[in-house]
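# When you get a sec, could you give me coordinates for this:
(one chain, ligands or ions: 2)
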Amino acid sequence: MVIKNVNLEIVIGVTSKIPETTLPEVAFAGKSNVGKSSLINALMRRKSYARTSSQPGKTQTINFYNINELMYLVDLPGYGYAKVSESVKAKWGKMIEKYLRTSKQLKQVFLLIDIRHDPSANDKMMYDWIVENGFRPIIVATKLDKIKRSQVQKQVKAVRNGLGLRKEDVLIPFSSETKQGLEELWKYVDSYVLE
Ligand code: GTP
Ligand code: MG
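Ligands and ions are numbered 1, 2, ... in the order given. The predicted structure is shown next:
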C-alpha cells in the first residue's frame, strides 16, 4: 500500500469501551520491547510516529492508527513487563483479551517474537488466546538484524517449535532497522483490505 496519510485516531485505556470502527483492523501483539511500535512505524514508513522506547512498557493503551482511511493498524500494550504491578498486568491482559474477543473488524493478529529468544510461557499463552479467539496468527520474528545470517534458520526453528506452529503457519523474519521482511509483511496486511 502506498501510504498517503496516517493518523493516531483512537486511543483506549483499561476503562474504555472497545470502539466500533467501520474499517478493517489488524493488530500487533507481543511481549514488551519486542518491537511492535517500531514495526508499525516501518509499515507506515514513518520514523517515529508511533512512540517507541528502549525501556519496556512504553505502549500502555490500545492505539488505532488510521491508514489512508482504509484500515487500522492496532498497537497493543506489551505483556511480561516486570515493572508493573500484578493488578496492572491483569488489567492490560483483560483489555487485550476483550479487544480480541469483541472487535468486529479485527481481521488478523500478528504475534511478534524476538528472533533471538525461545518463546516464553507468556508468548505461548498469547498465541493460545489468539487461536482461541478464532484467528490463525501470523508470527513476526523481530530484530532480525541482531543475529548473524548463519543463525537465522536455527532461530526460526526454535520459534516455530517453541510455539508449536504447524507447517502451514506463516512466520516472517523481520527487522525494523534494515526493513528486511517489510514487503512480505505488507503483502499480508494488504490482503485484509483489498478484495
Ligand atoms: P512496548 O510498547 O513497551 O510494549 O514495546 P514495543 O514492542 O512497542 O517495542 P518498541 O517498538 O518500542 O521497541 C523497543 C526497542 O527495541 C526500541 O529501542 C527499538 O528501537 C528497538 N527495536 C525494535 N525493533 C527493532 C529491530 O528490528 N532491530 C533493532 N536492532 N532494534 C529494534
Ligand atoms: Mg510499543
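# Looking at this structure, which residue reaches furthest from the middle?
The C-alpha centroid of the chain is most remote from Ser150, which lies 25.9 Å away (CA atoms, centre = their mean).
# From ligand 1, how far out is that residue?
Separation of Ser150 from ligand 1 (CB to the nearest ligand atom, to the nearest Å): 18 Å. (C-beta placed from N, C-alpha, C; glycine too.)
# what's the next secondary structure element after the helix or strand bottoming out on mean pLDDT in the chain?
Every helix and strand of the chain was ranked by mean pLDDT, DSSP states H and E. The lowest is helix 86-102, at a mean of 88. Going down the chain from helix 86-102, the next helix or strand is strand 106-114, by DSSP states H and E.
# to the chain's geometric centre, what's the distance from that next one?
Centroid separation for strand 106-114 versus its chain: 4 Å, with CA atoms, centre = their mean, to the nearest Å.
# do the same with stretch 176-195
Stretch 176-195 sits 13 Å away from the centroid of its parent chain (CA atoms, centre = their mean).
# Give me the buried positions along stretch 177-185.
181-182, 185 (16 or more other CB atoms under 10 Å).
# what's the first-to-last distance across it?
With CA to CA, to the nearest Å as the measure, stretch 177-185 spans 15 Å from end to end.
# which residues does the residue nearest the centre of the chain bridge with?
When CA atoms, centre = their mean is applied to the chain, the residue found nearest the centroid is Phe28 (1.8 Å). Beta-bridge pairing of Phe28, defined through DSSP bridges, involves Asp75, Phe110.
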